[in-house]
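>>> sequence-free structure coming up:
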């Protein structure tokens with residue numbers, strides 16, 4: 001059915017939205033700077049609130065999630081730190097111990113080894129250990145070391161040049177824009193010279209300081225060389241790639257991110273953001289006991305097994321403990337400054353963040369966050385659904401309950417989507433859309449209801465044929481004026497009018513002509529009165545006029561004026577028919593002619609009758625009425 005925009009309801013809707021748009025335009029024009037700042041603040045508030053809803057979901061679901069068993073974390077924890085410091089007499093321990101650890105693990109044929117330790121600068125106490133460790137990193141294809149990019153200027157630190165084999169071949173879609181850096185944390189030269197597989201360990205925090213994602217690629221613009229940016233893969237991503245190549249017996253020549261922002265590694269697709277960050281799906285952890293659900297072993301136990309093997313004694317760990325495993329070595333001790341805040345706990349060892357990504361990729365649980373455009377579409381959809389449903393409901397209470405129910409159901413769906421499909425649906429924007437829909441629908445219903453009230457009120461007080469006030473309104477106004485005059489000692493008058501020989505119009509020309517005559521006489525009289533005067537249809541062809549603060553003499557003069565006005569007027573009732581009409585009038589006044597409302601009406605009616613009896617087209621003589 002076509003919408004009639006001439007309808008008052010739709011006019012009010014259009015007016016409402018026009019005023020809203022006008023207010024927005026005024027804000028944009030008059031206070032662009034402040035308005036932009038407020039918009040930015042609002043955007044930040046929405047972003048931070050959305051991140052908090054993500055954290056709540058992660059804390060709820062992490063309790064029921066366990067990582068894949070293929071990952072073994074070797075943690076240099078508090079006990080290891082104490083044991084090694086006591087054993088070597090100082091910290092840090094000799095770098096030769098790392099080389100021994102790698103050789104020991106490699107004897108068990110692991111799938112990959114990742115060492116999350118930055119070997120910064122040369123340790124001149126034992127140059128041989130430095131060289132031995134560097135050559136150890138060059139000896140194994142499944143061994144991965146760590147590099148760290150930063151933004152120190154060239155004046156503060158001369159940027160290092162990395163080996164060409166450290167760079168990664170890639171094919172990215174046009175929307176991909178990784179984080180980029182201008183400098184590199186200085187590692188000792190031999191380590192950079194011999195190491196085959198180095199991956200960055202940079203982490204990006206949200207504005208609230210919490211780590212929720214892992215940047216899989218960064219861009220390094222070496223200021224010491226030509227300013228050509230190169231791309232470097234994450235430490236954990238390189239380990240994952242090596243593991244997939246071994247398990248699937250394939251060779252991945254280059255990293256590829258397709259048009260749907262999916263990183264393709266063999267048969268696995270990992271969703272990423274435009275910044276190449278992977279949104280992590282966290283696992284259970286007990287922050288009080290500092291216990292992880294990863295397969296975790298203390299470096300102390302590994303070190304003791306290494307020492308036992310040298311002495312041909314029984315080792316602490318089984319001889320095949322690391323076979324076909326992804327082995328990750330990193331710090332987890334409190335005093336070694338590698339604890340990070342994440343959604344599930346305030347202090348998580350950095351090595352577990354990389355382990356979380358690898359486990360997510362292997363069990364297919366990386367979080368997919370929908371795009372900004374999809375968020376906007378979803379918000380508009382929730383707005384329309386809510387508005388449509390609420391328009392059908394009349395009760396304000398049911399409206400509120402319905403809006404609240406829609407909001408709760410949507411939030412539940414967001415939680416379910418993350419738990420079952422690893423999909424990050426936004427909570428805040430669609431929830432705000434539901435609230436906005438509720439408020440706007442409420443406002444529009446108010447407009448509609450006010451118009452309905454106005455229509456009902458008009459039906460209650462106006463006569464449909466003449467447009468004059470009806471008999472009920474006349475009685476109310478008589479009572480109001482009577483009580484006011486009685487209280488303050490004032491006067492008011494009443495004129496009763498009757499159209500002369502009105503029945504003849506109906507009989508001669510038909511009732512439609514009679515209605516036209518009555519309507520035109522009513523409008524002529526109405527247009528000739530003062531603003532405070534009240535004209536009503538009393539019944540049939542009778543019309544009454546209430547004249548507030550008017551004496552009998554003045555009322556009589558007004559009546560005579562109206563009588564002459566009607567008599568002199570030509571009334572076109574049809575296309576080719578014009579008629580003359582006369583009226584008879586009776587006047588009464590409180591308190592001169594009557595002491596009550598009933599007496600006023602009776603007196604005016606009798607005077608009107610006198611006018612008709614004495615020839616019509618005149619005002620009746622008041623002095624013939626005896627009190």
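That came through, no problem. Everything numeric here is computed off the predicted structure, so don't read it as measured data.

>>> What ranges does the stretch 201-350 of the chain have for its helices?
For the stretch 201-350 of the chain, the helices defined by DSSP state H, counting those that start in this stretch occupy 235-248, 299-310, 350-363.

>>> packing partners for the first one?
Helix 235-248 sits against strand 112-115, strand 143-147, strand 198-200, strand 262-265, strand 326-331, helix 350-363, with contacts defined as 3 or more C-beta pairs under 8 Å, 6 or more residues apart in numbering; DSSP states H and E. Yep, even glycine has a C-beta here, placed from its N, CA and C like the rest.

>>> Quick one: closest of the ones you listed to residue 370.
Residue 370 lies closest to strand 262-265 among these, at 13.7 Å (C-beta to C-beta).

>>> burial of the nearest residue to residue 146 once chain neighbours are set aside, as a residue count?
Nearest residue to residue 146, sequence neighbours excluded (C-beta to C-beta, 6 or more residues apart in numbering): residue 201, at 4.5 Å. A count of nearby residues for residue 201, using other C-beta atoms under 10 Å, gives 25.

>>> which residues touch residue 201?
116, 118, 146, 147, 148, 234, 235, 350, 354 (C-beta atoms under 8 Å, 6 or more residues apart in numbering).

>>> domain parsing for this protein?
The chain breaks down by automatic domain parsing into domains covering 53-363, 370-454, 462-624.

>>> Is it possible to get a markdown table of those domains that adds distance to residue 42?
As requested, the domains of the chain are exported to a markdown table (distance: least, C-beta to C-beta, whole Å):
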| stretch | distance to residue 42 |
| --- | --- |
| domain 53-363 | 15 |
| domain 370-454 | 10 |
| domain 462-624 | 48 |
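
>>> Out of the ones you listed, which is closest to residue 40?
domain 53-363 (12.4 Å).

>>> now that closest one, how far from the centre of its chain.
37 Å (C-alpha atoms, centre = their mean, to the nearest Å).

>>> State the distance spanning the first to the last residue of that domain.
Domain 53-363 has its terminal residues 24 Å apart, counting by C-alpha to C-alpha, to the nearest Å.

>>> and the closest residue to residue 534 other than its chain neighbours, bridged to which residues?
Closest residue to residue 534 apart from its sequence neighbours, by C-beta to C-beta, 6+ apart: residue 546 at 4.2 Å. In this structure, residue 546 bridges to residue 494, residue 534 when assessed by DSSP bridges.

>>> What pLDDT is listed against residue 546?
The pLDDT attached to residue 546 in the predicted structure is 95.

>>> pretty sure it is in contact with residue 484, am I right?
No. Here residue 546 lies out of contact with residue 484, judged by C-beta atoms under 8 Å, at a distance of 11.6 Å.

>>> which residues touch residue 541?
498, 499, 502, 518.

>>> Count the neighbours of the third one for me.
Other residues near residue 502 come to 18 when the count uses other C-beta under 10 Å.

>>> What backbone torsions are found at the closest residue to residue 181 other than its chain neighbours?
Once flanking residues are discounted, residue 181 sits nearest to residue 149: 3.6 Å by C-beta to C-beta, 6+ apart. Backbone torsions of residue 149, given as degrees, to the nearest 10, read phi -90, psi 150.

>>> What is the burial count for residue 149?
So residue 149, with other C-beta under 10 Å, has 21 neighbours.

>>> hey, what's it bridged with?
With DSSP bridges as the rule, residue 149 is bridged to residue 184.

>>> okay, how far is it across stretch 175-195, tip to tip?
Start-to-end, stretch 175-195 (C-alpha to C-alpha) is 32 Å.

>>> Oops, could you answer that again for stretch 569-588 instead?
Note: stretch 569-588 ends 26 Å apart using C-alpha to C-alpha.

>>> go on, stretch 573-589?
Note: stretch 573-589 ends 35 Å apart using C-alpha to C-alpha.

>>> how about the nearest residue to residue 53, chain neighbours excluded?
residue 427 (4.3 Å).

>>> And the one you found, how close does it get to residue 460?
48 Å (C-beta to C-beta, to the nearest Å).

>>> shouldn't residue 467 be in contact with residue 525?
No. Counting by C-beta under 8 Å, residue 467 does not reach residue 525; the two are 11.4 Å apart.

>>> okay, the two: which has more neighbours?
Per other C-beta under 10 Å, whichever of residue 467 and residue 525 has more neighbours is residue 525, with 21 against 14.

>>> Who are the contact partners of the spatially most central residue of the chain?
Most central in the chain under C-alpha atoms, centre = their mean is residue 429, positioned 1.6 Å from the mean C-alpha point. By C-beta under 8 Å, 6+ apart, the residues touching residue 429 are 46, 50, 375, 376, 378, 379.

>>> can you list the weak-confidence ranges in the stretch 251-400 of the chain?
Residues of the stretch 251-400 of the chain meeting the criterion pLDDT under 70: 286-291, 337.

>>> does the closest residue to residue 57 other than its chain neighbours count as helix, strand or coil?
Leaving aside its sequence neighbours, residue 57 sits nearest to residue 418 (C-beta to C-beta, 6+ apart; 5.0 Å). Of the three states, residue 418 takes helix under DSSP: H, G, I helix; E, B strand; the rest coil.

>>> Next one: residue 418 from residue 587, what distance?
83 Å.

>>> and residue 546, what does it touch?
Here residue 546 is in contact with 474, 477, 478, 481, 492, 493, 494, 533, 534, 535, 536 (C-beta under 8 Å, 6+ apart).

>>> and the closest residue to residue 325 other than its chain neighbours, how many residues sit next to it?
Residue nearest to residue 325 in three dimensions, not counting chain neighbours: residue 72, with 4.6 Å by C-beta to C-beta, 6+ apart. By other C-beta under 10 Å, the residues close to residue 72 number 21.

>>> again, but for the one 4 residues further on
As a burial measure, the neighbour count of residue 76 was computed by other C-beta under 10 Å and equals 27.

>>> Same question for residue 473.
Residue 473: 17 neighbours (other C-beta under 10 Å).

>>> Test my guess that residue 97 contacts residue 303.
Yes. Contact criterion C-beta under 8 Å: residue 97 and residue 303 qualify, at 7.3 Å.

>>> between those two, who's got more neighbours?
residue 303 (22 against 18).

>>> I'd like to know how far that one sits from residue 593.
120 Å.

>>> Give me the pLDDT for residue 440.
For residue 440, pLDDT reads 84.

>>> what's the burial count for it?
Based on other C-beta under 10 Å, the number of other residues close to residue 440 is 18.

>>> circling back: so which of the contacts of residue 201 wins on neighbours?
Result: residue 354 is most packed of those (other C-beta under 10 Å), 29 neighbours.

>>> quick one, what contacts it?
114, 116, 201, 214, 234, 235, 236, 239, 328, 330.

>>> hmm, try it at 10 Å
Going by C-beta atoms under 10 Å, 6 or more residues apart in numbering, residue 354 touches 71, 73, 114, 116, 146, 199, 201, 203, 214, 234-237, 239-240, 280, 326, 328, 330.

>>> swap in residue 300?
With contact set as C-beta under 10 Å, 6+ apart, residue 300 has these partners: 74-84, 87, 316.

>>> Surely residue 295 and residue 283 touch.
No. Between residue 295 and residue 283 there is no contact under C-beta atoms under 10 Å: 11.6 Å.

>>> which neighbours do these two share?
With C-beta under 10 Å, 6+ apart, residue 295 and residue 283 have common neighbours 67, 68, 355.

>>> what about the last one, how many residues close to it?
Think residue 355. Around residue 355 there are 28 residues (other C-beta under 10 Å).

>>> Please tell me how far it sits from residue 546.
From residue 355 to residue 546 the distance is 90 Å (C-beta to C-beta).

>>> any shared contact partners between residue 546 and residue 484?
In contact with both residue 546 and residue 484: residue 492, using C-beta under 10 Å, 6+ apart.

>>> hang on, the earlier thing: of the contacts of residue 300, select the buried ones using a PyMOL command.
Buried residues within those, by 16 or more other C-beta atoms under 10 Å, are selected in PyMOL with:
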select buried, resi 74+75+76+77+78+80+81+83+84+316
